[in-house]
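Peer 1: pasting the sequence and the predicted coordinates here, then a few questions.
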Amino acid sequence: MKPVISLSPHVHGGDSVQKNMYGVCIALIPALVASLYFFGLGAAIVLATSVAACVCFEWAITRFILGRKQLTICDGSAILTGLLLGFNLPSNLPIWIILIGALVAIGVGKMTFGGLGTNPFNPALVGRVFLLISFPVQMTTWPVSGQMGYVDVETGATPLFLMKEAIKSGDASILSQLPSSLDMLIGQTGGSLGEVSALCLLIGCIFMLCRRIITWHIPVSILATVWLLAGLFHLIDPSYADPTQVILSGGLMLGACFMATDYVTSPMTAKGQLIYGVAIGVLTVLIRDFGSYPEGMSFAILIMNGFTPLINTYVKPKRFGEVKK
Amino acid sequence: MNKQDTKVTSVPSPHGGSWRGATFHIGGVHPAENKLSAASPIRVAAIPKQAVFSMFQHIGAPAVPVVKMGDEVKVGTLLGEAGKGLSVPVFSSVSGKVNKVDAVLDSSGTRRMAVVVDVEGDEWEESIDRSDTLVTMKDLGNITAEEVVNRIKAAGIVGMGGATFPTGVKLMPPPGTKAEAIIVNAVECEPYLTADHRLMLEKPEQILVGIQLIKHAVNCPKAYIGIEMNKPDAIKLLTDLLKEKAAQYPGIEVVPLKVKYPQGGEKQLIDAVIGRQVPAPPALPINVGAIVQNVGTVYAIYEAVTKRKPLIERIITVTGKSVKNPSNFLARIGTPMQQLIDEAGGLPEDTGKIIGGGPMMGRALMSLEVPVTKGSSGLLLMTEKESRRGEVSPCIRCAKCVSACPMGLEPYLLASYTRLKNWDGCEKNDVTSCIECGSCAFTCPSNRPLLDNIRVAKQTVMGIIKARHMESITKK
Amino acid sequence: MNVILIAVIVLGSIGLVAALILFLAGKKFAVHEDERIGQVQEVLPGANCGGCGFPGCGGFAGACVKAADKGSLEGLLCPVGGQPVMEQVADILGMKVEAAAPKVAVVRCNGTCESRPRIAEFDGAQSCKVQQMLGSGETACAYGCLGCGDCVAACQFDAIRMNPETGLPEVDEEKCTACGACSKACPRGVIEIRLKGLKNRRVVVLCNNKDKGAQTRKACSVGCIACQKCVKVCKFEAITVDANLAYIDAEKCKLCRKCEDECPQNAIHAFNFPPKKSPLPTSPKGGGDKSSDY
């Protein structure tokens, strides 16, 4: 017998990259079911295209451009990126636009930097923001939920659009057109695929917290900050929407639970994650209320992704036995 | 991983209600406990045919051999006297003839100076009291604190949890410090190991007398026994005993602790039991008023002071998933590991790795010829399947190592600085505080060898600091 | 016309003000550096290898200037540029340097996969320093090459490579600058920076094992067992045995190769000699010695 020798520890907890990535995918299943329920065929086509494209692009780039033998598509990160990208798109988006989005997400957002673990920005968001800027019309006409088709669907104003209008005109009565909070929680509104049902996203988030895939710091700090700040604006001027509806609208829940918590692009320490979450919350509200776009979540996350290395450099965990100076 | 784990989240408290268990405040992990040998009573291992006594069984300067080839020795005969500075003597645990004084392979994996004795009979030095009767503080009369420390030093006792720091030195607090709490480390947070657990069940009163001796030696009124709640029988036995004989053993308290690794780390245990955090090196536990002693050491102290028995045997767990009879042995120091394995049912065919100590901090051994030393708390045989680490993949920056680190360090950062040879960065990020507990590598989903790299950094940075220190001295 | 004029005036004045600020800042914050440092740095190779013991070529240039001010360049050597570069440096600083013989890195271990059986299997970070913490490592020899390639990673000149067949690093003498980085990187001190020798010819003991003969023999079939035969055969007193290990002093060695033939373990190797005319007389003798029960 030739014994194996290695330094301690000699046992491992059994956690793996796959477990985490597929764990997040499982957490997205309720939202996936909800999107299929509300958007039917459109959702299926968009999501399938997005996931398949992301996996194929990752495979092709690792294999042919980077020339790596070891393929990484099995680790589940490309599937996750595809799912998240799909969740951020309207259900009637043409396939060719989705393909471009997937190429930018995987190619520019992830593989240019060396693949999983090295990308500074959330790949799915890079893809989404690229599409939002390049194809603003297609990306901001949202089918009204409850339609099962892919083409020729009726589009309508989203809650976010109404909120923006109310602020612009200073007319609080526009807000009365908003769906009820309960409808927004369950998903009876227009919007991107994965955004519509805040409830399903919350269920997924709680699953991830229980499986210790993520910690509470980022989602809680984002939601709390947005609620408090939006509440403050609402108190000062009622033409700003009710904070609960702000939280339930648009991509906020998806962003707070699934996009901002992305391992690679979020800070490493609990303190840093709180700073990151609060900053995302503030930026989101500011962009939503004062920027030119109705939605600010993706921009806020991308901006704070850029600050993550800085936060990691300056925010250190509390060392054992550290004496406060 | 292991479904057999019985997680004990609370134990009944004698004051009514139940204890939830204290624990340390930063990081920590919970490896599968696998205490396979918890129910097997301590067996006396056979006396070996040949015993090897390494001169390097403790931290500090090696012992210096005082015997030569052909010398007759008895059980308890001095083989090596304490070296200069931090050191302890080494005694023979067998009687017979010195075969050679030479470099021999030991658990460090290298050849180092040792005395090899061929065993003949089992003759003991007359000064040792071999009876089993319990000697209490009352029986010892007016023994002075100095005498206690001197007997401990003369017996060559070291920390028996594995760190092997000379105990005598620990019991002499430097001027300006005062011991306010003795903490007995009965945590045994390493998976698989059960030596301390069995010792508490089988020698509880001896341990209590030992604690009194330590209290007496450092003039400290208060002592705590920290036990993890996966040993409810030991907690119950000791609390009942303390309740029953409260007058005889005053000022001793059992503290049940939540099961969490690395609770047995000195700093973590102090934090868990008395809620004080020892600052970064060079601060010592005594700077926060604590002295930590392993429960095995306490028993050795009892034997040394009351029976004048030097440290010649210890309890060692021989275990592993495919070991036939996972056992706890009372083995003579110097016994080859091979013999203990034979007594535990032989070497399993699927053995892939041999570990001296526990799976989290133990050393992988290259050969079974290495002898039991003062610090050998266990011998773990891992199956071929468990032996190899998983495939390494890129860091996904999940921050699990950061939240697992009990010292509040950033293992991912230190490991990547090591690869970049950024020793300055390592030093600034407190690599020297690392206690090498392995929680980071244990928890890493990418299977990265974090601790391997951090060890290199720690070693290098320590060297740099030392060189800088020397330079500043020579400049002056 | 008017617009163009305004643009020219505005941009021009911004430019002027900026230039003025730059000029003043340049004067105010100018760093006065000994200009010889720049001159010295120019003749240095610029690889910033650190082989000289200073942080990069700039650091070395500074040290040279300082040393020159004190009156001697002794002890300073750019291992990469070697003698020619040091002469240039000395010229710039108005000094003279003693001639230093060229050196090369030599891996003093010949424990290939065949000659040194693996008794354990290492699993962990691929670093010699990590394996070194496990005692003797994969083989029973606690002094020989660990084979994880820390030296290869340390070399700035791509002059040292692992040979996958032997598991040992090999030095490319053409590329090696004797900067010593590999030697410092090796946790066991296997690599020696040694005189290159006449016509690059060297006779070296390819072993670093300081264990006693019997143990060395168990660990490796080509290890030095400190039998002293080489010491006895050497007419020039170039070989010494210290701590169970023979060492050939490169300055005293006259390259007669007698020790090479004498060594029962084949631990002594001669480099860059023309092939021997009649290898027959030595081989049976070597074989005979091996079987003898030394």
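Peer 2: It's in.
Peer 1: local confidence estimate at the closest residue to chain A within chain B?
Peer 2: Closest contact between chain B and chain A, by Cβ to the nearest Cβ, is at residue B:438 (3.2 Å). C-beta: built from backbone N, CA, C; applies to glycine. At residue B:438 the predicted local distance difference test score is 94.
Peer 1: for it, which non-adjacent residue is closest in space?
Peer 2: What sits nearest to residue B:438 in space, not counting adjacent residues and going by Cβ to Cβ, 6 or more residues apart in numbering or on different chains, is residue A:9, at 3.2 Å.
Peer 1: and the one you found, how far is that from residue B:47?
Peer 2: The span separating residue A:9 from residue B:47 equals 34 Å under the rule Cβ to Cβ, to the nearest Å.
Peer 1: so between those two, which is more surrounded?
Peer 2: Relative neighbour count places residue A:9 above the other of residue A:9 and residue B:47, with 27 against 19, counting by other Cβ atoms under 10 Å in any protein chain shown.
Peer 1: that one reaches residue B:449, doesn't it?
Peer 2: No: checked against Cβ atoms under 8 Å, the pair residue A:9 and residue B:449 is beyond contact range at 10.1 Å.
Peer 1: joint contacts of these two?
Peer 2: Shared between the contact lists of residue A:9 and residue B:449 (criterion: Cβ atoms under 8 Å, 6 or more residues apart in numbering or on different chains) are residues residue B:441.
Peer 1: and the residue in the stretch 101-250 of chain B that chain C sits nearest to, how close does it get to residue C:138?
Peer 2: Using Cβ to the nearest Cβ, the point where the stretch 101-250 of chain B gets nearest to chain C is residue B:109, with a distance of 1.6 Å. Using Cβ to Cβ, residue B:109 is found at 11 Å from residue C:138.
Peer 1: overlap of the contact sets of these two?
Peer 2: Each of residue A:5 lies in contact with both residue B:109 and residue C:138 under the rule Cβ under 8 Å, 6+ apart.
Peer 1: these two - which one has more neighbours?
Peer 2: residue B:109 (25 against 21).
Peer 1: dump the residue contacts of that one.
Peer 2: Taking Cβ under 8 Å, 6+ apart as the contact definition, residue B:109 lies against A:5, B:363, B:365, B:366, C:134, C:135, C:136, C:137, C:142.
Peer 1: switch to 6 Å and redo it
Peer 2: With contact set as Cβ atoms under 6 Å, 6 or more residues apart in numbering or on different chains, residue B:109 has these partners: B:366, C:134, C:135, C:136.
Peer 1: before we move on, what about residue A:98?
Peer 2: Under the criterion of Cβ under 6 Å, 6+ apart, the contact partners of residue A:98 comprise A:49, A:50.
Peer 1: and the strands in the chain?
Peer 2: In the absence of a named chain, this looks at chain A. Listed in chain order, the strands of chain A (DSSP state E) span residues A:4-5, A:142-143, A:155-156.
Peer 1: you looked at the wrong chain, it should be chain C
Peer 2: C:103-107, C:121-122, C:160-163, C:168-171, C:191-195, C:202-205, C:239-242, C:245-248, C:268-271.
Peer 1: what about the second one, average pLDDT?
Peer 2: If I follow you right, that is strand C:121-122. If you average the per-residue pLDDT over strand C:121-122, you get 90.
Peer 1: per-domain residue ranges of chain C.
Peer 2: For chain C, whose domains are defined here by automatic domain parsing, the residue ranges read C:40-93, C:103-291.
Peer 1: what about the shortest one, near chain B?
Peer 2: Read that as domain C:40-93. No: Domain C:40-93 stays out of contact with chain B when judged by Cβ under 6 Å from any Cβ of the partner chain, the minimum separation being 10.8 Å.
Peer 1: state the mean pLDDT of that domain.
Peer 2: With pLDDT averaged residue by residue, domain C:40-93 scores 81.
Peer 1: close to chain A: what parts of chain B are there?
Peer 2: Taking Cβ under 6 Å from any Cβ as the measure of proximity, chain B contacts chain A at B:1, B:26, B:31, B:277-279, B:352-355, B:359-362, B:364, B:387, B:393-399, B:402, B:407-408, B:430, B:438, B:441-443, B:445-446, B:452.
Peer 1: which of those residues fall within helices?
Peer 2: Within the residues of chain B next to chain A, residues falling in helices by DSSP state H are B:387, B:402, B:441, B:442, B:443, B:452.
Peer 1: pick out the one among these with the largest number of neighbours.
Peer 2: For those, counting by other Cβ under 10 Å, the largest number of neighbours falls to residue B:441: 30 neighbours.
Peer 1: which of the residues of chain B next to chain A count as buried?
Peer 2: Judged by neighbour count, with 16 or more other Cβ atoms under 10 Å in any protein chain shown as the criterion, the buried members of the residues of chain B next to chain A are B:26, B:31, B:277-279, B:352-355, B:359-362, B:364, B:387, B:393-399, B:402, B:407-408, B:430, B:438, B:441-443, B:445-446, B:452.
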